[in-house]
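Asks: structure of the sequence below:
(3 chains)
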Amino acid sequence: MLLTLDLIGILVFAVSGGLLAVRNQLDIVGVIVLAMATGLGGGVIRDVIIGSVPPPAIADWRYLLAPVVAGLVVFFWHPAVGRFERLVNVFDAFGLGLFCVAGALKAEEFGLGPVPSAALGLVTGVGGGIIRDLLAGRIPTVLRNGELYAIPALAGAAVAATGVELGVEPVIIAAPAAAVTIVWRLLAMQRGWSAPVARLSPPE
Amino acid sequence: MLLTLDLIGILVFAVSGGLLAVRNQLDIVGVIVLAMATGLGGGVIRDVIIGSVPPPAIADWRYLLAPVVAGLVVFFWHPAVGRFERLVNVFDAFGLGLFCVAGALKAEEFGLGPVPSAALGLVTGVGGGIIRDLLAGRIPTVLRNGELYAIPALAGAAVAATGVELGVEPVIIAAPAAAVTIVWRLLAMQRGWSAPVARLSPPE
Amino acid sequence: MLLTLDLIGILVFAVSGGLLAVRNQLDIVGVIVLAMATGLGGGVIRDVIIGSVPPPAIADWRYLLAPVVAGLVVFFWHPAVGRFERLVNVFDAFGLGLFCVAGALKAEEFGLGPVPSAALGLVTGVGGGIIRDLLAGRIPTVLRNGELYAIPALAGAAVAATGVELGVEPVIIAAPAAAVTIVWRLLAMQRGWSAPVARLSPPE
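Replies: Take a look at the predicted model:
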């Protein structure tokens, strides 16, 4: 069950990496590498930081090959995949919710406190997309004005970490915590909510 | 005392990350992430390499939240902060000295020899700035012609590592080693010293 | 013997990093850092992921200083080094073969299965070049259309990992596995083979 949810999250993220690679005219290696980096990058960074090595995303061939399959599908059928991009974005919100909560819960399990665990949940959710964007030569979208993405992700991770600190079973808190991220993110997409940008003074 | 020095270094570096993010018109998430990456990045890379995981910069919420506060201050009051940029650069020299020496001493403590420890001191000092620049989409300033930055940093780290190898107590060598970096860096800023660039042959 | 092979691989990769830095007009710090990142980056990423910390590439001063020497040579004599670029590329194919196979064998030694070991062999071979390109502000060449590079690298790593899984002694499988990468890569260079790029539909 957990494996299935994880794999779905990885596949959805991998599709977004593969689509960006195809659009930037990277070759088949670039498409697969961006799919892998987007799908697995956040979890690998978290695991290296908390000392869970080798990370399951690398050591378990099912996690490792899932984004390769996603990358190949995007490479050969990208016009069809691209047509469902709005759907991909909806699934991406679910992937984000799963990753942030799983990341925060794993950090708690490794003995980190609520603030670091929430931060590592966020890293798990957005780290892959940041690596994807750096490899594709663009400033990470999550850092630029546009869509509200990191804040809902951090919120879900914080709910999960706080729940565990208050003694709630991880298996109980996981679903509502993920729901916070998913619902907030979907609402942000639908209503066009965005994160504020600092105003530069006119003469500068 | 050590915590206070560390926090000052983190805050100064975080301000430089936040200012770059504001000027590049990243959103509030970008400002906070760049502040965190600049303030904590070098120490986290060092800790992951020497196996000190989870890194204190992540596991201790005081280290983790310091750059968040710095990022928020920059976001809301950046015109005021930017006016003191020259002062920020002077503090940055102090932060660089502290980070390089602390990095080299920690590597020695983990059993690395003088050459690796000096190198890891340098990584601690300049790693955060490199991540900051990559996230902001520019070639790291420390690698380009401009200011003398990495060489004073390496010098202080080398003095600290050599001192420990010669049997000097870390607490004794720390201040003079940091002074080497800080004084050299401040002189370089004042006199406009810069690192050499290779001359390209005319016809190329 | 193994040390010598490793050092040759590191030196060749470091030269490619140094040349790129000189051409992009980075300063002497940039030349040395790019030489180090290219020569050591792939192995360090692999070691951090499998938990072999501190990585020998950092802890052993011979590995650490080899790319510094290469960087300095490139800095001062780059026109001469650049004239032999075709030769550098041939040596690079040998470095790639050595790195991929050594990376896959080390991952097997640390208990990873054949798929992760082959993937980590690839990371060892191409990771340094990816960091080099990111630091120099360009999209990694290995991801873009151009030369066939990652696929021969993965092939050699896969041969090595499969051999070990089938019970062949690492010392026996190493040479033929490296030969797969080297010969395929040299043929690709000579004949101009390249990796495919997805076709974008005309109206997009």
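Asks: now do the buried residues in the lengthiest helix in chain A.
Replies: The helix spanning the most residues in chain A, taking DSSP state H as the definition, is helix A:85-109. By neighbour count on 16 or more other Cβ atoms under 10 Å in any protein chain shown, the buried set for helix A:85-109 is A:88, A:90-108. Just so you know, the C-beta spots here come from the backbone N, C-alpha and C atoms, and that holds for glycine as well.
Asks: is that helix up against chain C anywhere?
Replies: No - counting by Cβ under 8 Å from any Cβ of the partner chain, no contacts exist between helix A:85-109 and chain C, the nearest distance being 12.0 Å.
Asks: one more: stretch A:128-136?
Replies: Yes - for stretch A:128-136, a contact with chain C is found by Cβ under 8 Å from any Cβ, at A:134-136.
Asks: show me what counts as buried in stretch A:108-126.
Replies: Across stretch A:108-126, burial judged by 16+ other Cβ under 10 Å covers A:108, A:110, A:112, A:114-126.
Asks: if we ignore the residues flanking it in sequence, what's nearest whichever residue of chain A sits closest to chain C?
Replies: Closest to chain C within chain A is A:Gly30: 3.3 Å, counting by Cβ to the nearest Cβ. Setting aside the residues directly before and after it, A:Gly30 is nearest to C:Leu143 in space (Cβ to Cβ, 6 or more residues apart in numbering or on different chains), at 3.3 Å.
Asks: which outside residues touch the helix or strand encompassing A:Leu154?
Replies: Per DSSP states H and E: A:Leu154 is located in helix A:150-165. Helix A:150-165 has contacts (Cβ atoms under 8 Å, 6 or more residues apart in numbering or on different chains) with A:96-97, A:100-101, A:103-105, A:107-108, A:113-115, A:117-122, A:124-126, A:142, A:170, A:172-174, A:176-182, A:184-185, A:188, A:195, B:29, B:33.
Asks: and that helix, how far out from the chain middle?
Replies: Averaging C-alpha positions (Cα atoms, centre = their mean, to the nearest Å) puts helix A:150-165 14 Å from its chain's average.
Asks: would you indicate which residues of the next helix or strand after it are buried?
Replies: Next in sequence after helix A:150-165, counting helices and strands by DSSP H and E, comes helix A:170-191. Judged by neighbour count using 16+ other Cβ under 10 Å, the buried positions of helix A:170-191 are A:170, A:173-174, A:177-178, A:180-182, A:184-186, A:188-189.
Asks: which parts of the lowest-mean-pLDDT helix or strand in chain A are buried?
Replies: Lowest by mean pLDDT, DSSP states H and E among the helices and strands of chain A is helix A:2-23, with a mean of 92. Residues A:5-6, A:9-22 are the ones in helix A:2-23 that count as buried (16+ other Cβ under 10 Å).
Asks: the residue nearest the centre of chain A and B:Leu200: what is the separation?
Replies: Most central in chain A under Cα atoms, centre = their mean is A:Gly125, positioned 3.3 Å from the mean C-alpha point. For A:Gly125, the distance to B:Leu200 equals 44 Å [Cβ to Cβ, to the nearest Å].
Asks: what's the neighbour count on the closest residue to chain B within chain A?
Replies: Residue nearest to chain B within chain A (Cβ to the nearest Cβ): A:Leu143, separated by 3.3 Å. Other residues lying near A:Leu143 total 28 when counted by other Cβ atoms under 10 Å in any protein chain shown.
Asks: ditto for A:Ile151
Replies: Using other Cβ under 10 Å, A:Ile151 has 17 other residues around it.
Asks: same thing with A:Val73?
Replies: A count of neighbours around A:Val73, defined by other Cβ under 10 Å, yields 18.
Asks: report the buried residues of stretch A:153-171.
Replies: A:153-164, A:168, A:170.
Asks: the residues you listed: which two are farthest apart?
Replies: Spatial extent of the buried residues of stretch A:153-171 (Cβ to Cβ) is set by the pair A:Ala153 and A:Val168 at 19.9 Å.
Asks: gap between the closest residue to A:Gly18 other than its chain neighbours and C:Thr141?
Replies: Closest residue to A:Gly18 apart from its sequence neighbours, by Cβ to Cβ, 6+ apart: A:Val74 at 3.3 Å. A:Val74 is 21 Å from C:Thr141, where distance means Cβ to Cβ.
Asks: compare the two (neighbour count), which wins?
Replies: A:Val74 (26 against 17).
Asks: what backbone torsions are found at the more buried one?
Replies: With angles defined as degrees, to the nearest 10, A:Val74 sits at phi -60, psi -40.
Asks: surely it is in contact with A:Ser16?
Replies: No - using Cβ atoms under 8 Å, A:Val74 is not in contact with A:Ser16, being 9.3 Å away.
Asks: give me the pLDDT for A:Pro203.
Replies: pLDDT recorded at A:Pro203 is 49.
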